[in-house]
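Undergrad: sequence and predicted structure are below.
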Amino acid sequence: MAFKRNIIITGGAGFIGSHVVRLFVNKYPEYHIINVDKLTYAGNLANLKDIEKASNYTFIKADICDFEQMLTLFRQYNVNGIIHLAAESHVDRSIKDPFTFAQTNVMGTLSLLQAAKQAWNGDYEGKLFYHISTDEVYGALEFDGTYFTETTKYNPHSPYSASKASSDHFVRAFHDTYGMPIIVTNCSNNYGPYQFPEKLIPLFINNILQGKPLPVYGKGENVRDWLYVEDHARAIDVIFHKGKIADTYNIGGFNEWKNIDLIKIIIRTVDRLLGNPEGTSDKLITYVTDRAGHDLRYAIDSSKLKSELGWEPSLQFEEGIEETVLWYLSNRG
């Protein structure tokens with residue numbers, strides 16, 4: 001069967017990637033979706049059981065840092081689009097092991113860019129390299145009502161955000177130097193079903209279920225903007241198809257929460273759904289020494305994405321948390 005488009009999605013067995021793969025496979029039967037994932041600790045093919053036999057879906061276990069294999073895949077499948085999600089993304093891990101983050105996030109991205117450049121060989125008609133980044137490249141905000149916009153200067157503070165900032169620069173450099181059609185998006189903290197339990201929301205849900213401590217950095221006053229993962233997948237879909245080449249779009253949930261307030265919502269929701277009296281799990285909150293270089297506040301202004309492409313979040317935060325907790329309760333063990 002001749003497909004209209006052949007699209008590589010990297011990191012498609014991961015948290016965000018699996019939602020994007022599922023959306024594209026189901027919504028676009030005329031597209032061939034090639035999921036390229038190394039299947040590290042955070043990748044899980046069980047996330048995609050429902051579409052693994054789809055006729056327009058192919059899974060390839062591969063390391064994006066393997067340039068020769070990436071080039072072979074581009075040529076073998078006549079790839080004309082890539083949505084690059086594969087990344088090491090846990091800040092605490094990056095503090096302990098910055099080399100792995102530089103290797104995957106910087107060199108892996110460069111490997112894909114060079115493979116696309118060689119495979120496309122200057123014929124960029126109908127091609128796109130779409131790179132997914134993070135709001136953490138912008139640094140931190142004060143409690144002054146300001147937001148990250150697409151023109152905010154980069155100021156990364158952790159090895160993770162530094163590696164993502166570097167990869168963003170390489171992507172833009174390939175446009176400026178070689179004319180490659182690229183788009184970069186910077187998203188806020190994602191949450192929802194299938195997230196690996198090292199991240200705050202699934203970690204705390206699991207800890208409450210097991211009666212384990214809920215470790216809160218510092219006083220819990222750090223603020224994050226939260227984006228429901230299915231809303232992020234919808235945004236990626238819209239931007240991939242309608243975004244302006246060489247442009248940047250910020251994707252946020254319009255959902256700022258102090259960590260301690262977020263944790264209390266999770267506790268209330270889990271206790272209620274378990275049938276526990278309100279406040280049962282409050283005693284699990286444990287304050288721990290703050291993380292090195294811990295950014296105080298992230299907040300994204302997504303108004304450009306809304307005004308130019310019509311995207312906005314579909315769920316209120318409490319609804320998203322409810323959906324997320326229900327999923328983890330149904331998928332214990």
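TA: Cool, got the structure.
Undergrad: contacts for stretch 65-76 next, please.
TA: Stretch 65-76 has contacts (CB atoms under 8 Å, 6 or more residues apart in numbering) with 8, 34, 36, 60, 62-64, 79, 103-104, 107-108, 111-112, 114-116, 118-120. (Each C-beta comes from the backbone N, C-alpha and C, glycine too.)
Undergrad: show me how to select, in ChimeraX, the buried members of the residues you listed.
TA: Provided next is the ChimeraX selection string for whichever of the contacts of stretch 65-76 are buried by 16 or more other CB atoms under 10 Å:
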select :8,34,36,62,63,64,79,104,107,108,111,112,114,115,116,119,120
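Undergrad: measure stretch 118-135 end to end?
TA: End-to-end distance of stretch 118-135: 30 Å, with CA to CA, to the nearest Å as the criterion.
Undergrad: once you drop chain neighbours, what's closest to Asp225?
TA: Spatially, and ignoring its direct neighbours in sequence, Asp225 is nearest to Ser188 (3.9 Å; CB to CB, 6 or more residues apart in numbering).
Undergrad: meant to ask about Asp63, not that
TA: Using CB to CB, 6+ apart and skipping residues adjacent in sequence, the residue nearest Asp63 is Lys38, 4.8 Å away.
Undergrad: list the contacts of the one you found.
TA: In this structure, Lys38 makes contact with Lys61, Ala62, Asp63, Ile64, Ala86, judged by CB under 8 Å, 6+ apart.
Undergrad: let me know the secondary structure of the fourth one.
TA: Yep, that's Ile64 we're talking about. Put simply, Ile64 is coil when judged by DSSP: H, G, I helix; E, B strand; the rest coil.
Undergrad: ok, the nearest residue to it once chain neighbours are set aside - contacts?
TA: Among residues not flanking Ile64 along the chain, Gly108 sits closest, at 3.9 Å (CB to CB, 6+ apart). Applying CB under 8 Å, 6+ apart to Gly108 gives the contacts Asp63, Ile64, Cys65, Ala86, Ala87, Ser167.
Undergrad: wait, the second one touches Thr40, no?
TA: Going back to what we said before, that points to Ile64. No - taking contacts as CB atoms under 8 Å, Ile64 lies outside contact range of Thr40: 11.1 Å.
Undergrad: can you list the low-confidence ranges for this structure?
TA: The chain contains residues with pLDDT under 70 at 333.
Undergrad: try 90
TA: Residues of the chain meeting the criterion pLDDT under 90: 1, 41-42, 90, 92, 142-145, 197-198, 254, 290-296, 315-317, 332-333.
Undergrad: now the farthest one out in it, which residue is it?
TA: Distance to the chain centre peaks in the chain at Pro277, reaching 34.7 Å (criterion: CA atoms, centre = their mean).
Undergrad: for that one, which residues are in contact?
TA: Asp271.
Undergrad: next up, the contacts around the residue nearest to Val229 when sequence neighbours are not counted.
TA: Spatially, and ignoring its direct neighbours in sequence, Val229 is nearest to Gly192 (3.5 Å; CB to CB, 6+ apart). Contact analysis of Gly192 by CB under 8 Å, 6+ apart lists Phe15, His19, Tyr228, Val229, Glu230, Gly320, Glu323, Thr324, Trp327.
Undergrad: where's Ile82, which helix or strand?
TA: Assessed by DSSP states H and E, Ile82 sits inside strand 81-84.
Undergrad: C-terminal to that strand, what's the next element?
TA: The helix or strand immediately downstream of strand 81-84 is helix 91-96, counting by DSSP H and E.
Undergrad: helices or strands up against that next one?
TA: On a contact count with 3 or more CB pairs under 8 Å, 6 or more residues apart in numbering; DSSP states H and E, helix 91-96 meets helix 98-101, helix 159-178.
Undergrad: can you list the strands that the next helix-or-strand element following the last one pairs with?
TA: By that I understand helix 159-178. Next along the chain after helix 159-178, taking DSSP H and E as the criterion, comes strand 182-187. Sheet pairing of strand 182-187 (DSSP bridges) gives strand 128-134 (parallel), strand 248-251 (parallel).
Undergrad: what separates the last one from the chain centre, distance-wise?
TA: Its chain's C-alpha centre lies 13 Å from the corresponding centre of strand 248-251 when counted by CA atoms, centre = their mean, to the nearest Å.
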